[in-house]
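Undergrad: Sequence below, structure please.
(one chain, ligands or ions: 2)
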Amino acid sequence: MGSLSSRPRRALAALAAAVLPGLLLDCSSASESAAPADGGDAGDELAPVIADSGTEMEADVVTGPREIPTSLSGFGLFTGGPDAKGRLTPVAGTIPYELTSVLFSDYALKARTLTIPPGSKATYRPEGVLDFPVGTILSKTFAFPADSRQPEVGVRLIETRILVHQPSGWEAYPYLWNDEQTEATLVPGGRVLPVSFVDPKGDARSFDYLVPSRNQCQQCHHLVDENGAQLLGPIGPKARYLNRNNVIAGTDQNQLTYLANAGLLDGLPGSPPRAPDAFDPASGDLESRARAYLDINCAHCHNTHGTAGITSRLFLQHDTTDRFSLGVCKRPGSAGGSLGGEFDILPGDHARSILWHRIDTTESGKMMPQIGRALAHVEGSQLIADWIDAMPAETCQ
Ligand code: HEC
Ligand code: HEC
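TA: Ligands and ions are numbered 1, 2, ... in the order given. Model (predicted):
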């Protein structure tokens, strides 16, 4: 558990000078200058900006903003590089987690971790993301196996995305893995790189994979608070998505119960809600699985507080009950409307439903989400087709 405290607080005076303007401008040239050519940790040689004033105990309590390392290893979340199966080994105190239903990202394998600073805890929330204390770090690592039918062989790590809860709010940082797979380096401006793999159906796929820039993180990890302020925040770690088993510290156990028992989560009720796995018929009916798919893949933009939701008036949260807000018999107000029909959803007819076409297509300007994928999600588009086709047919006006 003391893993965070044992990391020296590295100082990044020169880095701050080099990276921070880049973060504000968020252009790729800034990312080039921010990343040390050798992938090393520039912070090592610099004098501390925040004086390391003392004991292990004091170091545990997060008092100021965390310095952002140029290298992923600077966070101290993992030990060593990836193993033969492409898996990173979290240090004690860094907890792997899975969601009941996930975001589609071009068939990438994803591994997520959660690190709550020693001495702090999260608070349960029934609906939104758990209330994580300042100092919390969330990570998500994207990898591709050479062949998705053998996902544990020939795995190449591409990027690790980090969300850090600073005293001033959450911040998002992308780290790009090197070819040697020994380190990942901060790329504030993102990167496009060629990826080839064999998909779960056995088809060879080659495409340009996008490591999002910091500005692009904001497009999805965007929130508007009660006062209308624009914020960035986590999306996935809501109770209903975390409410499932996972192997943590060698034991298969419920993730929420684990957090509560470890003293890292306050207020967990006896039966927290659970979102179904969109692709496991045993976990819910077609309606609830389709809605879970739309919730995790679309609702971070299409909600009543999101810019996309507000402009399109399409609200895809799992608890949207108004059929028109879900797209039923709704004429799109926005671009991409020329695709496949007049209405977002024409009940009973997916082929004439714009919402289905926008999931199915890979045409830029039309596909949804418009960022975060380059490939079509065959299984997702089938699920939504089935859901629309199962709706009793009606004539929309
Ligand atoms: C296309 C939308 C999209 C973009 C762009 C995006 N994310 Fe996310 N991200 C998501 C969604 C949806 C989840 C939750 C579902 C999941 O984990 O699969 C998520 C999850 C995460 C998580 C795990 C914690 C959480 O919020 O659920 C981290 C860390 C993260 N993203 C960091 C980043 C960073 C850093 C960037 C920019 C470099 C970024 N993301 C860009 C949609 C996006
Ligand atoms: C990164 C943010 C983002 C995500 C994620 C996203 N959308 Fe969108 N969506 C938008 C924006 C912005 C618009 C308005 C501009 C346009 O139509 O392209 C829009 C418009 C739409 C429209 C037209 C709606 C109307 O009535 O005007 C449909 C349908 C749609 N999205 C479906 C989806 C679906 C389905 C998903 C998930 C698979 C999704 N979107 C995910 C940002 C997003």
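Undergrad: Show me where this protein dips below the pLDDT cut-off.
TA: For the chain, the stretches with pLDDT under 70 are 1-63, 334-338.
Undergrad: Kindly export the longest strand anywhere in it (C-alpha atoms) in PDB.
TA: With DSSP state E setting the assignment, residue counts place strand 155-166 as the longest strand in the chain. Taking C-alpha atoms only, strand 155-166 is exported to PDB below (Å, rounded to 0.1, in the frame of the first residue of the first chain):
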ATOM      1  CA  VAL A 155       0.700  -8.400 -27.700                       C
ATOM      2  CA  ARG A 156       2.000  -4.900 -28.500                       C
ATOM      3  CA  LEU A 157       1.300  -2.100 -26.000                       C
ATOM      4  CA  ILE A 158       0.400   1.100 -27.800                       C
ATOM      5  CA  GLU A 159      -0.600   3.700 -25.300                       C
ATOM      6  CA  THR A 160      -1.400   4.300 -21.600                       C
ATOM      7  CA  ARG A 161      -3.900   7.000 -20.800                       C
ATOM      8  CA  ILE A 162      -3.800   8.600 -17.400                       C
ATOM      9  CA  LEU A 163      -6.400  10.600 -15.500                       C
ATOM     10  CA  VAL A 164      -5.000  12.300 -12.400                       C
ATOM     11  CA  HIS A 165      -7.200  13.900  -9.700                       C
ATOM     12  CA  GLN A 166      -5.300  17.200  -8.900                       C
END
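Undergrad: and the very next helix or strand once past it with ligand 1, contact?
TA: Note on strand 155-166: by DSSP states H and E, the next helix or strand toward the C-terminus is strand 169-177. Yes. Using C-beta under 6 Å from any ligand atom, strand 169-177 reaches ligand 1 at Ala172, Tyr173, Pro174. Using the backbone N, CA and C atoms, a C-beta is placed for each residue, glycine as well.
Undergrad: And stretch 304-320, by the same measure?
TA: No. Among the residues of stretch 304-320, none lie within reach of ligand 1 under C-beta under 6 Å from any ligand atom; the closest is 10.8 Å away.
Undergrad: quick one: contacts of that stretch?
TA: Taking C-beta atoms under 8 Å, 6 or more residues apart in numbering as the criterion, the residues outside stretch 304-320 that touch it are 127, 222-224, 240, 275, 291-292, 294-295, 298-303, 322, 325-327, 330, 332-334, 344, 355.
Undergrad: which residue ranges form the helices in this structure?
TA: Listed from the start of the chain, the chain has helices (DSSP state H) covering 3-6, 13-25, 28-34, 56-60, 214-220, 239-242, 255-261, 286-298, 307-312, 323-326, 354-360, 378-389.
Undergrad: which of the contacts of stretch 304-320 come close to ligand 2?
TA: Among the contacts of stretch 304-320, the residues that sit close to ligand 2 (C-beta under 6 Å from any ligand atom) are Cys298, His300, Cys301, His302, Gly327, Lys330, Pro332, Gly333, Ser334, Asp344, Leu355.
Undergrad: Please determine how far the residue nearest to the last one when sequence neighbours are not counted is located from Thr89.
TA: With C-beta to C-beta, 6 or more residues apart in numbering as the criterion, Leu355 has its nearest non-adjacent residue at 4.5 Å, and that residue is Asp344. Computed with C-beta to C-beta, to the nearest Å, the distance linking Asp344 and Thr89 is 45 Å.
Undergrad: Looking at the two, which is more packed in?
TA: Under the criterion of other C-beta atoms under 10 Å, the comparison of Asp344 against Thr89 puts Asp344 first, with 26 against 13.
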